[in-house]
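J.: Give me a 3D structure for the following:
(chains A and B)
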Amino acid sequence: MRNLKLIIKREYLARVRNKSFVVMTFLSPLIFVGMIVLIAYLVNLNSDVQRVVAINDESGQFVNEFKDSDEVKFIDLSSVETEAAKGIVKEKEYYGLLHISEFAENTIPEIQFFAKEAPAFGFLDRIERTIADKLTNRQLLDRGIDVDLIEASQAKVEIGIQNFSGERTSKMSTYVKMFFGGAAGYLLMMFIIIYGNMVMRSVIEEKTNRIIEIIISSVKPIHLMLGKILGTSLAGITQFVIWVILGGVMLTLVSMIAGVDMSAMQGPQQQAIEQMSDNELQQLVMDIARLPMLLLLVSFLVYFIGGYFLYSAIYAAIGAAVDNETDTQQFMLPVILPLMLGIYVGFFAVIENPHGVVSTVFSMIPLTSPIVMLMRIPFGVPWWELAISFSLLVLTIAGVVWVAAKIYRVGILMYGKKPGYKELYKWLKY
Amino acid sequence: MNNLLVAENISKQFGTFTALNNISLEIPEGSIFGLLGPNGAGKTTFIRIINQITMPDSGRMLLDGHPLRPDDIQHIGYLPEERGLYKSMKVGEQALYLAQLKGLSKAEAKERLQYWFERLQIQDWWGKKIQELSKGMAQKVQFVVTVLHRPKLLIFDEPFSGFDPVNANLIKEEILQLRKEGATILFSTHRMESVEEMCDYMALIHRGNKLLDGQVNDIKRRYKSNTFEVGLVSSDAEALRKELETKFRISDTEFKSINDDLKLQIQIDPNDSPNDLLIYLTGKAQVNHFVEVIPSVNDIFIKTVTTNA
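T.: Predicted coordinates:
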């Protein structure tokens, strides 16, 4: 036990003191925040310039429909000939000239935009919509239809979803659940791959350094392996916590100091929220609040640790079996495949039907269960399914750690061989 | 004399390969014991069993009269042939870590490390990383780590490989000093000179089998063939050779001398006295050189291994 503690401490310090770890840990949030600031700045910069657009409206019917905004200012050049207007626009370096021809009743005018360079898509879209709205309204009026009446008769439908125990949910809540589950599953996969690789590299390092035999004459191989896995996972948790804290602090600081309008860069979501009625916004907050947060957090931790342990043990065994990192390729498939399968099943099957056969089965199979189950939990999973899935995971971890320790024990003292699966199987019996 | 380590019928199989076949050895307390064998003989497996890295399939290993226990690692210091250190870890930190794994407290380890670092004059290395040191320097650190916890049994696997002659000698002196202080030392090597020079006892294993063991002098006595190397000055060397040929088994040999006409190896019967041979020879010629041929460990090694091949 004393030695296990010593090993965990050394492994943890070795990871944490590593230059690339320090750089990654402290630079990533900086880069992340820097990117956000940069994007926000660029967005502001972009809209800072007010474009001037001249309108040459021969029909005289539309010119008053265009309202100035922060981005665009309209100038009426309808009084001059089109060619003359072009000349003025060029000379004064306006953004462009909008030309609307005369037109007969019930036809559509010819509309052209002259500019030095092709205008932005959104800008054109707005102009088209302005003119189309005006025309549509006029044609409706011409046919004797009251526009206000149409507006008043627009119906809006929303299905209220309730489960049998009377809890209300909404479509929004499904998205919220998808988001939380997906994020948790994805995070777990990334963590397993990054830190599993770290465990593997550290095992290979000890082999190539040839320190392994010195260590192994003082401690049991299984202690060394477990110490490595635990120490590395602690380093991973440290990094994660630092990111969360640092990221939060810096985002707040930056937004306070620079006064960057955080909503400016959230374009689409912002609009989506604006379009929602107050009711829906409330619903979103309620949905998040109504998620089984405690269960989510606990099961996240449990499956996080369980999944990480399962895979790191395999990574450690792989590291022990080979002499250098290039030889690990042949053993990587059985590690990456279930992880990928978990993610894909999660993103397709679980979202389609969280309680379908595929989702349920994959949340039971230990190699994929950590990821798939994490994605399912926000949708509500019966406790007995959780119990089965978790017990299977624990049993498998015990088995895999046992097998990995055997391979590890033999492998760390083997040099020069490039073992295949057959060879590994033989090692189990040594 | 007490035996510190006793191996009783140790066997170990790897798959179908027999690494050790029924090996029994006794290593007396306070001795320097040479474990000899060609590459792949099973030396390293045997040592790993002592270190409890590998478990034997059958047989027992007794340390101080009791079967090996997990906490016996505190009484064993092992310098493996394949040795290394963490490249990016500082020397001092690393030595502390390895010493603590052997059961020393941090304070104790620090104190003893300071003593050894001063003794080997490597104090300046404390804060350096291994990757900044040369191979020989790193080996000094490894040596210190091996002996730091004052083990009763020290196991050195090819201890001198990689050292320059100056440092090899330094380490040799340190090993002899440790023995004086009561440690028992097990050498595993295929470099015979070091066995010849330092070992009191030896064992020879080949392909997992023990071929011979015992005190080095006893073994040499067993392997000597009553052969003497002589250098003679005679006016008629050819006639003398013919005459000797009829009486003894002789063969030509070569050694450095100034003016010998005949250089021969002469073998006599075990019951005959060397004195009689000398008297006989002085009557025939001037004897400049008369030495008993004692087989070197190297000769014994080669002879035993080739006859058992």
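J.: where does the stretch 101-250 of chain A dip in pLDDT?
T.: Under the criterion pLDDT under 70, the flagged ranges of the stretch 101-250 of chain A are A:160-161, A:163-172.
J.: Please work out how many residues are found near the residue of the stretch 101-250 of chain B found nearest chain A.
T.: Nearest to chain A, among the residues of the stretch 101-250 of chain B, is residue B:101, at 4.0 Å (C-beta to the nearest C-beta). To be clear about C-beta, it is placed using only N, CA and C from the backbone, and glycine gets the same treatment. Residue B:101 has 24 neighbouring residues, counting by other C-beta atoms under 10 Å in any protein chain shown.
J.: Now do the phi/psi pair for it.
T.: phi -60, psi -30 (degrees, to the nearest 10).
J.: residue contacts, residue A:192?
T.: A:307-308, A:311-312, A:339 (C-beta atoms under 8 Å, 6 or more residues apart in numbering or on different chains).
J.: now the residue in chain A positioned nearest to chain B, nearest residue through space, not along the chain?
T.: Minimum separation of chain A from chain B (C-beta to the nearest C-beta) falls at residue A:210, amounting to 3.4 Å. Leaving aside its sequence neighbours, residue A:210 sits nearest to residue B:84 (C-beta to C-beta, 6 or more residues apart in numbering or on different chains; 3.4 Å).
J.: Surely the one you found and residue A:209 touch.
T.: Yes - under the criterion of C-beta atoms under 8 Å, residue B:84 makes contact with residue A:209 at 4.1 Å.
J.: Any idea what residue B:209 is bridged to?
T.: Counting by DSSP bridges, residue B:209 is bridged to residue B:206.
J.: mind listing what it touches?
T.: B:21-23, B:308.
J.: How about the residues of the stretch 301-430 of chain A by chain B?
T.: Within reach of chain B by C-beta under 8 Å from any C-beta of the partner chain, the stretch 301-430 of chain A has these residues: A:413, A:415, A:426, A:429-430.
J.: Determine which two of these are furthest apart.
T.: Within those, A:415 and A:429 form the most distant pair, 20.3 Å apart (C-beta to C-beta).
J.: Helix or strand with the lowest mean pLDDT in chain B?
T.: Least confident helix or strand, chain B: helix B:192-198 with a mean of 81, by mean pLDDT, DSSP states H and E.
J.: Where does the residue nearest to residue A:210 sit: helix, strand or coil?
T.: coil (DSSP: H, G, I helix; E, B strand; the rest coil).
J.: any idea which helix or strand carries the closest residue to residue A:229 other than its chain neighbours?
T.: Excluding the flanking residues, the one nearest residue A:229 by C-beta to C-beta, 6+ apart is residue A:312, at 4.5 Å. Taking DSSP states H and E as the criterion, the element that holds residue A:312 is helix A:293-321.
J.: who does that helix touch, helix- and strand-wise?
T.: helix A:171-209, helix A:221-257, helix A:329-345, helix A:369-376, helix A:383-411 (3 or more C-beta pairs under 8 Å, 6 or more residues apart in numbering or on different chains; DSSP states H and E).
J.: for stretch A:114-122, how far is the first residue from the last?
T.: 16 Å (C-alpha to C-alpha, to the nearest Å).
J.: Kindly report the same for stretch A:313-331.
T.: 13 Å.
J.: what comes up buried for it?
T.: A:313-323, A:328, A:331 (16 or more other C-beta atoms under 10 Å in any protein chain shown).
J.: quick one: contacts of stretch B:58-73?
T.: By C-beta under 8 Å, 6+ apart, stretch B:58-73 touches A:217-218, A:220, B:4-11, B:22-24, B:49-52, B:75-76, B:102-103, B:152-153.
J.: cool, and stretch A:51-65?
T.: The contact list for stretch A:51-65, computed with C-beta under 8 Å, 6+ apart, reads A:66, A:71-78, A:80, A:82, A:85, A:88-89, A:92, A:94-103, A:109, A:123, A:130-131, A:134.
J.: any residues touching the least confident helix or strand of chain B, and which ones?
T.: So helix B:192-198 is contacted by B:32, B:34, B:36, B:160, B:172, B:175-176, B:187, B:189, B:202, B:216, B:296-298, B:301 (C-beta under 8 Å, 6+ apart).
J.: what residues go with each domain of chain B?
T.: As assigned by automatic domain parsing, chain B contains the domains B:3-221, B:225-293.
J.: most tightly surrounded among the ones you listed?
T.: Most buried of these by mean neighbour count (mean count of other C-beta atoms under 10 Å in any protein chain shown) is domain B:3-221; its value is a mean of 18.
J.: That one: end-to-end distance?
T.: 23 Å.
J.: Selection in ChimeraX covering whichever of the contacts of stretch A:51-65 are buried, please.
T.: A single ChimeraX command selects the buried members of the contacts of stretch A:51-65 (16+ other C-beta under 10 Å):
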select /A:66,72,74,75,77,78,82,85,89,94,95,96,97,98,99,100,109,123,131
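J.: Could you dump the domains of chain B into a markdown table and include distance to residue A:187?
T.: As requested, the domains of chain B are exported to a markdown table (distance: least, C-beta to C-beta, whole Å):
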| stretch | distance to residue A:187 |
| --- | --- |
| domain B:3-221 | 29 |
| domain B:225-293 | 77 |
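J.: and of the ones you listed, who's closest to residue A:144?
T.: Among the domains of chain B, domain B:3-221 comes nearest to residue A:144, with 85.7 Å by C-beta to C-beta.
J.: my guess is residue A:106 meets residue A:142, correct?
T.: Yes - between residue A:106 and residue A:142 there is a contact at 7.5 Å, judged by C-beta under 8 Å.
J.: number of nearby residues for residue A:213?
T.: Other residues close to residue A:213 by other C-beta under 10 Å number 24.
J.: Can you name the residues that contact it?
T.: A:413, B:53, B:78, B:80, B:82-83.
J.: if we go to 7 Å?
T.: A:413, B:80, B:82-83 (C-beta atoms under 7 Å, 6 or more residues apart in numbering or on different chains).
J.: Throw those into a markdown table and include pLDDT, thanks.
T.: Below are the contacts of residue A:213 laid out as a markdown table (pLDDT from 0 to 100):
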| residue | pLDDT |
| --- | --- |
| A:413 | 80 |
| B:80 | 87 |
| B:82 | 77 |
| B:83 | 79 |
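J.: ok, so of the residues you listed, who is nearest residue A:378?
T.: Nearest to residue A:378 out of the contacts of residue A:213 is residue A:413 (C-beta to C-beta; 46.4 Å).
J.: Phi and psi next, for the closest one.
T.: Dihedral angles for residue A:413 - degrees, to the nearest 10 - are phi -100, psi 10.
J.: Just give me the neighbour total for it.
T.: If you count neighbours by other C-beta under 10 Å, residue A:413 ends up with 19.
J.: and it, what does it touch?
T.: residue A:213.
J.: Apply 10 Å and report the result again.
T.: Applying C-beta atoms under 10 Å, 6 or more residues apart in numbering or on different chains, we find residue A:413 in contact with A:207, A:212-213, A:216, A:221, A:320, B:44, B:48, B:53-54, B:80, B:82.
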